[in-house]
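[1] make a model of this:
(2 chains)
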Amino acid sequence: MVAAAKLRRAQDAAEQGRPYAEKFNHLLGNLALQAGVGESAPALLRGTGNDQTHLLVVMTAERGLCGGFNSNISKLARAEAVALLAEGKTVKIITVGKKGRDVLKRDLSDHFIDHVDLSGMRNIGYGDARAVAENVLGRFEDGEFDVAKIFYSHFKNVVTQVPTMRQIIPADVSGGESSEAGAEFYDYEPDEDVILRELLPRGVATAIFSGMLENGASEQGARMSAMDNATRNAGEMIDKLTIEFNRSRQAVITNELIEIISGAEAL
Amino acid sequence: MADKMQFDLVSPERGLASMEAKEVQLPGAEGDMTALPDHAPLVTTLRPGVLRVSDGQSDREFVVTGGFAEITAESISVLAEQAMPKDDVNGDVFANMVDVANEKLAKAQAQSANHPASVDDAAKYLDDIIAMGGEIGLSANR
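    Sure, this is the predicted structure:
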């Protein structure tokens, strides 16, 4: 029952975090729509005008024994990395969580630039996500990469977790209403540019945070169903072995009886 | 004319309030403001401060450390960086906020060569935090 409690807690955290992310994307989408993605837009929205260097932030768990959870995320990340490399792009990888690092180490270790350790963190807080975001943003400002994507597992329910890739830099602003739908025109205080400049870095932190929360819930769900399967498998195996044991015991007894009887008959 | 609007206060970690409100007082970045129903659409940044929501009978107060507010005629959504009910903010929590602000300032000063504006921002943030403490009767005692 401990696993169920953990799952519930992680699931709660993920669900509590969703309204913020939704409202945030809505706000950012509207703002970007209104401000327009022009020459003067901040680099976090517009991009650097290049897409030569890609940063992949691969978020996985610290521990294994949770079914395909870690390997599914890693597989998606690897496929993306291989595709980018085939196009001649430069790939840099930041791993969050030990397991993804272990899996990708085999063939992509040359591309690792950083690792964020999550062990010892029992509950993921927004502060943790912001630390990762600041790390990423700092590198962006130093011009280390042009495009950033995060990899995590979207929690659908206990048995289904969908490995997901999401672009965070330049920001994906599809959350806004289309202008035809009559999006409201807002006043801005202070002006649009200032708000946008504040909003965008937080958008990165928010995306990473919601990825972490989804991951937390997915990990618990995946582990629970993996363990459930393991228990069921073991149960079946025990049944089979019990029958085999009984059968061979019976065979031994029968053998002994035959020996005794045939011995008695010989006299 | 509607006399009530939907008020939502969310932080990244959880939703704190979702209720009907008659009047919301916000610590806007360029000054406090009070929003009534049928307000013109407005998006503003928030500075650290106290947010008051009134539904006509009672008031609820929250402490926010910054974020954004989206105001429309029917609703107000506050996306706070960090938010909690005012009563939960005791001396320890406040001291922690001040520490964080101080750290930010120190960090900004260390990198001031590259980003001179960020030192001002961090200093203002610290001032706002201390002012907010004064508003709810806590002092930074240092």
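
[2] just the CA trace of the one helix or strand in chain B whose mean pLDDT sits lowest, in CSV.
    Within chain B, confidence by mean pLDDT, DSSP states H and E is lowest for helix B:116-135 among all helices and strands, at a mean of 83. C-alpha atoms of helix B:116-135 as CSV (Å, rounded to 0.1, in the frame of the first residue of the first chain):
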residue,chain,number,x,y,z
PRO,B,116,24.0,46.0,-14.2
ALA,B,117,20.2,46.2,-14.4
SER,B,118,19.8,42.9,-12.4
VAL,B,119,21.4,44.5,-9.3
ASP,B,120,18.7,47.1,-9.2
ASP,B,121,16.0,44.5,-9.8
ALA,B,122,17.4,42.4,-7.0
ALA,B,123,17.6,45.4,-4.6
LYS,B,124,14.1,46.4,-5.4
TYR,B,125,12.9,42.8,-4.8
LEU,B,126,14.5,42.9,-1.4
ASP,B,127,12.9,46.2,-0.6
ASP,B,128,9.6,45.0,-1.7
ILE,B,129,9.9,41.9,0.5
ILE,B,130,10.7,44.0,3.5
ALA,B,131,7.9,46.4,2.7
MET,B,132,5.5,43.5,2.5
GLY,B,133,6.8,42.2,5.8
GLY,B,134,6.0,45.6,7.3
GLU,B,135,2.5,45.4,5.9
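
[3] for it, packing partners?
    If you count contacts as 3 or more C-beta pairs under 8 Å, 6 or more residues apart in numbering or on different chains; DSSP states H and E, helix B:116-135 packs onto strand B:49-54, helix B:91-110. From N, CA and C alone the C-beta is placed, and that goes for glycine too.

[4] which positions within that helix qualify as buried?
    Of the residues in helix B:116-135, those scored as buried under the neighbour-count criterion (16 or more other C-beta atoms under 10 Å in any protein chain shown) are B:118-119, B:122, B:125-126, B:128-130, B:132-133.

[5] before we move on, what about stretch B:29-43?
    With the criterion 16+ other C-beta under 10 Å, stretch B:29-43 contains buried residues B:29, B:33, B:35, B:37, B:39, B:42-43.

[6] and for A:V103, the neighbour number?
    Here the count is done by other C-beta atoms under 10 Å in any protein chain shown, and A:V103 has 21 residues near it.

[7] so the residue lying closest to it once chain neighbours are set aside is in which element?
    Counting by C-beta to C-beta, 6 or more residues apart in numbering or on different chains, A:S74 is the residue found nearest to A:V103 once chain neighbours are left out, at 4.1 Å. With secondary structure defined by DSSP states H and E, A:S74 is part of helix A:69-86.

[8] low-confidence ranges, the chain, go.
    Picked chain A for this. Per-residue confidence for chain A (pLDDT under 70) gives these ranges: A:1, A:35-40, A:174-184.

[9] wrong one, I was asking about chain B
    Low-confidence regions of chain B, defined here as pLDDT under 70, cover residues B:1-2, B:140-142.

[10] about what we covered before: out of the helices and strands packed on helix B:116-135, flag the one nearest chain A.
    Within the helices and strands packed on helix B:116-135, the stretch nearest chain A is helix B:91-110; the backing value is 9.2 Å (C-beta to the nearest C-beta).

[11] and that closest one, what's buried?
    By neighbour count on 16+ other C-beta under 10 Å, the buried set for helix B:91-110 is B:94-95, B:97-98, B:100-102, B:104-105, B:108.

[12] which helix or strand contains the residue nearest to A:I150 when sequence neighbours are not counted?
    Computed as C-beta to C-beta, 6+ apart, the closest residue to A:I150 that is not its neighbour in sequence is A:V57, at 4.5 Å. Assessed by DSSP H and E, A:V57 sits inside strand A:53-59.

[13] just give me how far that strand sits from the chain centre.
    Relative to the centre of its chain, strand A:53-59 is centred 13 Å away, using C-alpha atoms, centre = their mean, to the nearest Å.

[14] mind listing residues that contact that strand?
    Contacts of strand A:53-59 from elsewhere in the structure, counted by C-beta atoms under 8 Å, 6 or more residues apart in numbering or on different chains, are A:73-74, A:77, A:80-81, A:84, A:89-97, A:100-101, A:104, A:132, A:136, A:139, A:144-152, A:168-169, A:208, A:211-212, A:215.

[15] just to revisit the earlier point, save the helices and strands packed on helix B:116-135 as TSV, and put in distance to chain A too.
    What follows is those, written out as TSV (distance: least, C-beta to the nearest C-beta, whole Å):
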stretch	distance to chain A
strand B:49-54	15
helix B:91-110	9
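
[16] mind putting the ones you listed in CSV, distance to A:R223 included?
    Formatted as CSV, the helices and strands packed on helix B:116-135 follow (distance: least, C-beta to C-beta, whole Å):
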stretch, distance to A:R223
strand B:49-54, 39
helix B:91-110, 33
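
[17] what's near enough to touch A:R197?
    Contact partners of A:R197, counting by C-beta under 8 Å, 6+ apart, are A:P42.

[18] which strand or helix spans it?
    Counting by DSSP H and E, the element that carries A:R197 is helix A:192-266.

[19] got the angle for that helix vs helix A:69-86?
    Using axes from the mean of the first three to the mean of the last three C-alpha atoms, to 10 degrees, the interaxial angle of helix A:192-266 with respect to helix A:69-86 works out to 120 degrees.
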